[in-house]
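Q: Curious how this folds, go ahead:
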Amino acid sequence: MRLVKEIPHPHYLIQVHEYNGKYLLKITLDNYEQTFKIPVSDVVDLEQFTSRLSHEFWASCLKRFLTMREDYVQLINSQIP
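A: Numbering: from 1, shown residues only. Sure, this is the predicted structure:
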């Protein structure tokens, strides 16, 4: 897996990797990670693609991170006798 690009963001670690004919858009917040697999053939220009990542996209990612954290906390709490 080859790191192709890092995208600056005030809250997330955002990296684009290339692996097996796909770009992997990895978004990390604390201990949680979301990965989007995008075929390289679907992306004409990587710079143009990453510039289209909108505020709405990042807000949606944040909602998923919050849900992931809630699920994790619920799992941990269910194991406490």
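
Q: ranges for the strands of the chain?
A: 2-7, 13-19, 22-29, 32-39 (DSSP state E).

Q: For the shortest one, the averaged confidence score.
A: What it means is strand 2-7. Across strand 2-7, pLDDT averages out at 97.

Q: Pull the residues that contact that strand.
A: 13, 14, 15, 16, 17, 18, 19, 23, 46, 50, 53 (C-beta atoms under 8 Å, 6 or more residues apart in numbering). The way it works is simple: take the backbone N, C-alpha and C, and place the C-beta from them, glycine included.

Q: tell me which residues in the helix or strand of the chain with the lowest mean pLDDT are buried?
A: The weakest-scoring helix or strand in the chain, judged by mean pLDDT, DSSP states H and E, is helix 46-51 (a mean of 93). For helix 46-51, the neighbour count (16 or more other C-beta atoms under 10 Å) marks 49, 50 as buried.

Q: Show me what that helix is packed up against.
A: strand 2-7 (3 or more C-beta pairs under 8 Å, 6 or more residues apart in numbering; DSSP states H and E).

Q: circling back: the least confident helix or strand of the chain: how far from the chain's middle?
A: 15 Å (C-alpha atoms, centre = their mean, to the nearest Å).

Q: swap in stretch 53-64?
A: That offset, for stretch 53-64, works out to 10 Å (C-alpha atoms, centre = their mean).

Q: averaged over its residues, what pLDDT does that stretch have?
A: The pLDDT scores in stretch 53-64 average 95.

Q: Can I get it in PDB, CA atoms only?
A: Listed in PDB are the C-alpha atoms of stretch 53-64, where the atom choice follows Å, rounded to 0.1, in the frame of the first residue of the first chain:
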ATOM      1  CA  LEU A  53     -14.800  16.500  -0.800                       C
ATOM      2  CA  SER A  54     -17.400  18.900   0.600                       C
ATOM      3  CA  HIS A  55     -18.300  20.100   4.000                       C
ATOM      4  CA  GLU A  56     -21.400  17.900   3.900                       C
ATOM      5  CA  PHE A  57     -19.100  14.900   3.300                       C
ATOM      6  CA  TRP A  58     -17.000  15.700   6.300                       C
ATOM      7  CA  ALA A  59     -20.100  16.300   8.400                       C
ATOM      8  CA  SER A  60     -21.400  12.900   7.400                       C
ATOM      9  CA  CYS A  61     -18.100  11.300   8.400                       C
ATOM     10  CA  LEU A  62     -18.300  13.000  11.800                       C
ATOM     11  CA  LYS A  63     -21.800  11.500  12.300                       C
ATOM     12  CA  ARG A  64     -20.500   8.000  11.500                       C
END
